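Participant: sequence and computational prediction follow.
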Amino acid sequence: MSVKIKNNIFLKFLPVVIGIVIFLKEIESVHTHSVETKYIQVPVDHFSPTEPAKTFNLRYLVYAKNHIKGGPVFVYTGGERDITVAARHTGFLFDIAPTFNAMIVFIEHRYYGRSLPFGNTSFASLENLRYCMSTQALSDFAYLLNDLKKNLSDTSHATGPFIAFGGYYAGTLSALLRLRYPDLIKGAITSSAPMFYLPGSTSCEDYYKIATRVFMKYGEERCVRTIKLAWEIIISISKTKKGMDFISSSLKLCKDLETPEDVEVLLDWLAETYVKLSMVNYPYSSDYYNPVPANPVLVFCNKLNTAHFNDTRQFIEMFAAALKIYTNYTGKAICTDIFYKQHNANELAWQYQTCTELIMPKCSTDYDMFITKNWNYEDMSLDCYRKYNIKPRPNWAFSTYGGQNLHYYSNVVFSSSMLDPASYNAVYLNKSDDKSKQPWISYRIEEAPHLMEFRTSDRTDNSYIIKARNFYVSTIKNWLNQK
């Protein structure tokens, strides 16, 4: 019997996969490079012997301008977003492709973007959603790469070694792809890859601590104090219907606050907004999440630090004006949708995965700029059960992929940044650890926003970013020289 997902809404504008072949030759512009969009039929379930196997169209992007016969293939393993986002913001691969005569392939993760196993019913039931798993995605990647290896073998684009790349969850997948398919993947470069999906395996406080560190460094302590004050004022005002209406109007919310539960959504959205600002704190304008100016944390904090107010209503108006650098920097946004997680397809897939296999404990304390919030496995489990009628498996990722024992992760770089909240449960060695005993490489970047070393080179890049990219290039050269 098919179990429907509670509160399921599927966006009407999402592309629907119809028939066997769709858009087999699209050309998309990715910054200054044109990539070819292709699709391949892959099994819905790689682990079932049922014949004939159900299949769906998996999207991937190819850039072969610099590739010569036998040249390496740089493979970006898609994560929890539309694959075109990764392609737009991973200019590093395009920058170094000429050096290696490399082909670039970006592979979309199933259930994200256009790679929907059941089209517009992919999120309609648990029966359809149950194939949204990292193990299935890894099998998709391997299936495609083996297909490329076979079908291009007698052409001018015969493939050489495959090198995997990925950031955050995509980085985890790159490392796991190397672990599970060492004959196929020569090596993997990962950035801020969370490898420890288990309560207690990492400190739940670090995520918000790192975001606070960014605001303290670039926005100063006054900004952090003002943000803490904002929590108090918003919570106080929102206790009445009149107050909720005022906040909704000031922040130009797409849907007005009506209940205490709506206020909780707002508070969670604000916390997420601060984290995202810290993650995209690039020295140039960007649109990784929303369009923002260069140095967005500094710009946001300058607006807070220089504002004057006499009462709480003026404070909310001033606060809303500062938030516009994230919510409406271009001036084109009609309203701000803080409830997007309830109807965005990518968010639905990610919430399902973080309930079933990718448990990421996050908590805040008095020592950061966020509302104090505990993380409790039992509460999280109950919430997942309410949404999906399932309970998390806290030990699944460890038992499936080997847990904290990384002894078999050879030819893998685990890089992380001191200023990227996503690095909070990434892999890194302490200075006292013996690096010579590790088959993998830990690389720490002192000052870098989220995945900045994966972005295209820019005149504003600091020495840490340049050094990291040079290290990646030299590491790839070493791998390619291995027999």
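Facilitator: Arrived safely.
Participant: buried set for stretch 219-228?
Facilitator: Across stretch 219-228, burial judged by 16 or more other C-beta atoms under 10 Å covers 219, 223-224, 226-227. Bear in mind the C-beta positions are built from the backbone N, C-alpha and C, glycine included.
Participant: so what does the helix or strand Gln314 falls within touch, helix or strand wise?
Facilitator: Per DSSP states H and E: Gln314 is located in helix 312-327. Applying 3 or more C-beta pairs under 8 Å, 6 or more residues apart in numbering; DSSP states H and E, one finds that helix 312-327 contacts helix 206-237, helix 241-250, helix 260-279, helix 296-305.
Participant: just the buried residues of it, please?
Facilitator: Across helix 312-327, burial judged by 16+ other C-beta under 10 Å covers 312, 315-316, 318-320, 322-327.
Participant: okay if I get those as JSON lines plus distance to Glu80 and pLDDT?
Facilitator: Converted to JSON lines, these look like this (distance: C-beta to C-beta, whole Å; pLDDT from 0 to 100):
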{"residue": "Thr312", "distance to Glu80": "37", "pLDDT": "91"}
{"residue": "Phe315", "distance to Glu80": "35", "pLDDT": "94"}
{"residue": "Ile316", "distance to Glu80": "32", "pLDDT": "95"}
{"residue": "Met318", "distance to Glu80": "34", "pLDDT": "94"}
{"residue": "Phe319", "distance to Glu80": "29", "pLDDT": "96"}
{"residue": "Ala320", "distance to Glu80": "29", "pLDDT": "96"}
{"residue": "Ala322", "distance to Glu80": "28", "pLDDT": "96"}
{"residue": "Leu323", "distance to Glu80": "24", "pLDDT": "97"}
{"residue": "Lys324", "distance to Glu80": "26", "pLDDT": "97"}
{"residue": "Ile325", "distance to Glu80": "25", "pLDDT": "97"}
{"residue": "Tyr326", "distance to Glu80": "20", "pLDDT": "98"}
{"residue": "Thr327", "distance to Glu80": "22", "pLDDT": "97"}
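Participant: what about the closest residue in space to Met103 that isn't next to it in sequence, distance to Tyr218?
Facilitator: Closest residue to Met103 apart from its sequence neighbours, by C-beta to C-beta, 6 or more residues apart in numbering: His67 at 3.9 Å. Distance from His67 to Tyr218, counting by C-beta to C-beta, to the nearest Å: 40 Å.
Participant: quick one: which of the two has more around it?
Facilitator: Neighbour totals were compared for His67 and Tyr218, and His67 leads with 25 against 19 (other C-beta atoms under 10 Å).
Participant: what are the pairing partners of the lengthiest strand in the chain, and which direction each?
Facilitator: Looking across the chain with DSSP state E, the single longest strand is strand 33-43. Listed by DSSP bridges, the sheet partners of strand 33-43 and their directions read strand 26-30 (antiparallel), strand 55-63 (antiparallel).
Participant: can you give me the strands in the stretch 301-450 of the chain?
Facilitator: Taking DSSP state E, counting those that start in this stretch as the test, the strands found in the stretch 301-450 of the chain are 412-417, 441-445.
Participant: turn those into CSV, including mean pLDDT and mean neighbour count.
Facilitator: Putting the strands of the stretch 301-450 of the chain into CSV (pLDDT from 0 to 100; neighbours: other C-beta atoms under 10 Å) gives the following:
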stretch, mean pLDDT, mean neighbour count
strand 412-417, 94, 27
strand 441-445, 91, 20
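Participant: okay if I get those strands as CSV plus distance to Ala175?
Facilitator: Shown next, in CSV, are the strands of the stretch 301-450 of the chain (distance: least, C-beta to C-beta, whole Å):
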stretch, distance to Ala175
strand 412-417, 5
strand 441-445, 11
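Participant: for the ones you listed, which one sits closest to Glu272?
Facilitator: Nearest to Glu272, of all these, is strand 412-417, at 18.9 Å by C-beta to C-beta.
Participant: break down the stretch 51-200 of the chain into its helices, ranges please.
Facilitator: Using DSSP state H, counting those that start in this stretch, the helices of the stretch 51-200 of the chain run over 83-88, 91-100, 126-129, 134-151, 169-180.
Participant: just name the most buried of the ones you listed.
Facilitator: helix 169-180 (a mean of 26; mean count of other C-beta atoms under 10 Å).
Participant: other SSEs contacting that one?
Facilitator: In terms of contacts (3+ C-beta pairs under 8 Å, 6+ apart), helix 169-180 is packed against strand 73-77, helix 134-151, strand 162-167, strand 185-191, strand 412-417.
Participant: so how far is the second one off the chain centroid?
Facilitator: To tie it back to what came earlier, the one meant is helix 134-151. Relative to the centre of its chain, helix 134-151 is centred 21 Å away, using C-alpha atoms, centre = their mean, to the nearest Å.
Participant: got the contact list for that helix?
Facilitator: 40, 42-43, 45-47, 58, 60, 73, 75, 77-78, 105, 107, 109-110, 159, 162, 172-173, 176-177, 180-181, 184-185, 353, 357-358, 397, 400 (C-beta atoms under 8 Å, 6 or more residues apart in numbering).
Participant: so how far is Val85 from the residue lying closest to Asn374 once chain neighbours are set aside?
Facilitator: Nearest residue to Asn374, sequence neighbours excluded (C-beta to C-beta, 6+ apart): Cys363, at 5.6 Å. Going from Cys363 to Val85 by C-beta to C-beta gives 28 Å.
Participant: cool, and Asp147?
Facilitator: For Asp147, the distance to Val85 equals 24 Å [C-beta to C-beta].
Participant: for Val265, same thing?
Facilitator: Counting by C-beta to C-beta, the gap from Val265 to Val85 is 24 Å.
Participant: swap in Leu177?
Facilitator: In terms of C-beta to C-beta, Leu177 sits 20 Å off from Val85.
Participant: next: Val299.
Facilitator: Taking C-beta to C-beta, one finds Val299 at 23 Å from Val85.
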